[in-house]
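K.L.:
Provide a 3D model corresponding to the input given below.
(one chain, ligands or ions: 2)
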Amino acid sequence: MSDTAFIIARPRFDIESGSAEFTYRLGDLSFTEALQFPGGFDRDAAQSPVFVHLLDLTAAVLGVSYYKLRAPFEIDATALSLAADDRSFLLDIYENGLGEFYARNDLKRFGKLNIAVSATSVTVEKPDLADRALVLIGGGKDSLVSVDLLERAGIAMTLFAVNPKGPILSSAERAAHDMIGVRRVLDPEMIRLGKEPGFYNGHVPSTAINSMIASLASLLFGYNRIVLSNERSASEGNIEFDGREANHQHSKSLEFERHIQSLLYRVSGGAIEYFSLLRPYSEARIARLFARGTRFDDVFSSCNRNFLQAGNSGPLWCGKCPKCLFVFLIFAPEMGIERLTKIFDTNVLDNPDNIAPYRELVGIVGHKPWECVGEILEAAACLWKISDHPDWRNTAVVQALRDDLIAFYSQAKLQTAYADLFVDSDQHLIPAQIEKAVFPHAN
Ligand SMILES: CC(=O)N[C@H]1[C@@H](OP(=O)(O)OP(=O)(O)OC[C@H]2O[C@@H](n3ccc(=O)[nH]c3=O)[C@H](O)[C@@H]2O)O[C@H](CO)[C@@H](O)[C@@H]1O[C@H](C)C(=O)N[C@@H](C)C(=O)N[C@@H](CCC(=O)O)C(=O)O
Ligand SMILES: Nc1ncnc2c1ncn2[C@@H]1O[C@H](COP(=O)(O)OP(=O)(O)OP(=O)(O)O)[C@@H](O)[C@H]1O
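P.N.:
Ligands and ions are numbered 1, 2, ... in the order given. Predicted coordinates for the structure are as follows:
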């Protein structure tokens, strides 16, 4: 390994305080990230070989935030006790999980990274985990639809969040289930350097990071199921770059779910089941499920401004970012104007400033925005659907884009695409027992 390699040190977990420390070296720079788990965990579990292995894997995944400052070709993970099979998972994280970062910084790393692992033989002792679900909650519509579906099926759950704040806290409180929260503290020096010239910055696979932290919690607190709420649309990428598709939402994709599901199953001797409950659904279908009830209307938000490290001093929904535009659009066929403008505190479709970004969102110009939005054709189909709706047809955006949209796609194509949004996919990894219990409640 060269002296410019990114080096991942062996992490430490302090059984007395429940804190974990992850240290990294990048040439002359050194960084430490910390996790603080709540009390009341199983001390034996914290000393088990499975936990130690997962902590090492977590160290490697959390490393992306520090690696990205210089993005060297060499990654030294030899201090960790990793099995040879773990390497392909890490390669996916550092290649595809950082795909947007490479594309936007014009860095060609695909097929060129050297991740050195010790390839030791790792002990697998299946932990005895209770048969119960840990449901990741992000404060947006998706995880709340999962909560609702599990409740309707009578499945008990505990919510889980990393750095819970804003809409995560308010919607969890409204859901009234227990919640496990983990505090995550990034090294402030990394955040500072990310703004300096001479260092790279960009997107990291946050769902992979949160999922690994959830896997540690599942062992410490005894949960055999980790439930995500990633929709089928998340598998669509943004652009072709360096011979591959770069996807902002890679760690929400079905491809990534396959990787992490099999990793956690293997590492835990079959004890941990990881899956996304919403994988069969389009975003439009999820919006329809959400719209069935009004319980979370005043407390949830999908706007990512709520999740800035420094916190959000603005409203729950900014009404301007691609995510606000997309979510407003997919709710529009499902909710009346009064309900939807109350949720957003504004009529997003009636703001002339939003015409240009909507033109991109529906695919008439540009490419899919680097944000957590649904498929391009999905957005186009939803705009088509509301173009004759009395609540929306006279809004600035619909007036400006209606004719262009139909000319670009054709009426027939949009009609078919809209109908397809409500045909559920069988491409999912949901365990049969959960599928049988939950799906009848989705109609
Ligand atoms: C909140 C947000 O969307 N942040 C994205 C934004 O970051 P920004 O610089 O505007 O602010 P901060 O998030 O406060 O970050 C400050 C710096 O820290 C770095 N950083 C942050 C978190 C982390 O885990 N590691 C880090 O190194 C960050 O790079 C800044 O220098 O723009 C960034 C660049 O495009 C994005 O990377 C930030 O996204 C966050 C990591 C984040 O948590 N985003 C999720 C809301 C998100 O995008 N979720 C996706 C799922 C993506 C996936 O593959 O899992 C989704 O919902 O689809
Ligand atoms: N801070 C967090 N801690 C734990 N899990 C999270 C966190 N943020 C997001 N997640 C989970 O990651 C997955 C992707 O997040 P995403 O933002 O798409 O979902 P959401 O907040 O439920 O809905 P929306 O798409 O409307 O924002 C979901 O399963 C979500 O529950």
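
K.L.:
which parts of stretch 13-23 are buried?
P.N.:
Buried residues in stretch 13-23, counting neighbours by 16 or more other Cβ atoms under 10 Å, are found at 13, 18, 20, 22, 23. Backbone N, C-alpha and C define where each C-beta goes, glycine included.

K.L.:
ok, and does that stretch reach over to ligand 1?
P.N.:
No. In terms of Cβ under 6 Å from any ligand atom, no part of stretch 13-23 sits within range of ligand 1; the closest distance is 12.0 Å.

K.L.:
contact partners of that stretch?
P.N.:
Outside stretch 13-23, the residues that touch it by Cβ atoms under 8 Å, 6 or more residues apart in numbering are 9, 11-12, 30-39, 41, 43, 46-47, 51, 55, 58-59, 62-63, 216, 220.

K.L.:
roughly how far is that stretch from the heart of the chain?
P.N.:
Counting by Cα atoms, centre = their mean, to the nearest Å, stretch 13-23 is centred 25 Å from the centre of its parent chain.

K.L.:
same question, stretch 194-212
P.N.:
A distance of 13 Å separates the centroid of the chain from that of stretch 194-212, by Cα atoms, centre = their mean.

K.L.:
go on, stretch 214-223?
P.N.:
Computed by Cα atoms, centre = their mean, the chain-centroid distance of stretch 214-223 equals 19 Å.

K.L.:
could you report the separation of the residue of the stretch 301-443 of the chain at minimum distance from ligand 2 from ligand 1?
P.N.:
Distances from the stretch 301-443 of the chain to ligand 2, computed as Cβ to the nearest ligand atom, single out residue 302 as the nearest residue at 3.2 Å. Between residue 302 and ligand 1 the distance is 8 Å, computed by Cβ to the nearest ligand atom, to the nearest Å.

K.L.:
just give the closest residue to that residue, not the sequence neighbours.
P.N.:
In space, and not counting its chain neighbours, residue 302 is closest to residue 140: 3.7 Å by Cβ to Cβ, 6 or more residues apart in numbering.

K.L.:
residue 6 contacts residue 63, doesn't it?
P.N.:
Yes. Counting by Cβ atoms under 8 Å, residue 63 is a contact partner of residue 6 at 6.9 Å.

K.L.:
what touches both of these two?
P.N.:
A shared contact of residue 6 and residue 63, defined by Cβ under 8 Å, 6+ apart, is any residue touching both; here these are 24, 75.

K.L.:
any idea which helix or strand comes after the top helix by length along the chain?
P.N.:
Ranked by number of residues, the top helix in the chain under DSSP state H is helix 206-221. Scanning the chain past helix 206-221 towards its C-terminal end, the next helix or strand to appear is strand 225-228 (assignment: DSSP states H and E).

K.L.:
quick check: residues of the stretch 251-400 of the chain near ligand 1?
P.N.:
Residues of the stretch 251-400 of the chain lying close to ligand 1 by Cβ under 6 Å from any ligand atom are 251, 252, 304, 307, 308, 309, 310, 372.

K.L.:
for those residues, pick the one with the most neighbours.
P.N.:
Counting neighbours by other Cβ atoms under 10 Å, residue 251 leads these with 27 neighbours.

K.L.:
so it, which state does it fall into?
P.N.:
Three-state assignment for residue 251 (DSSP: H, G, I helix; E, B strand; the rest coil): helix.

K.L.:
go on, the one 4 residues further on?
P.N.:
Secondary structure of residue 255, reduced to three states by three-state DSSP: helix.

K.L.:
how about the nearest residue to it, chain neighbours excluded?
P.N.:
Nearest in space to residue 255, with sequence neighbours left out and distances taken as Cβ to Cβ, 6+ apart, is residue 235 at 6.7 Å.

K.L.:
thanks again, I'm all set now.
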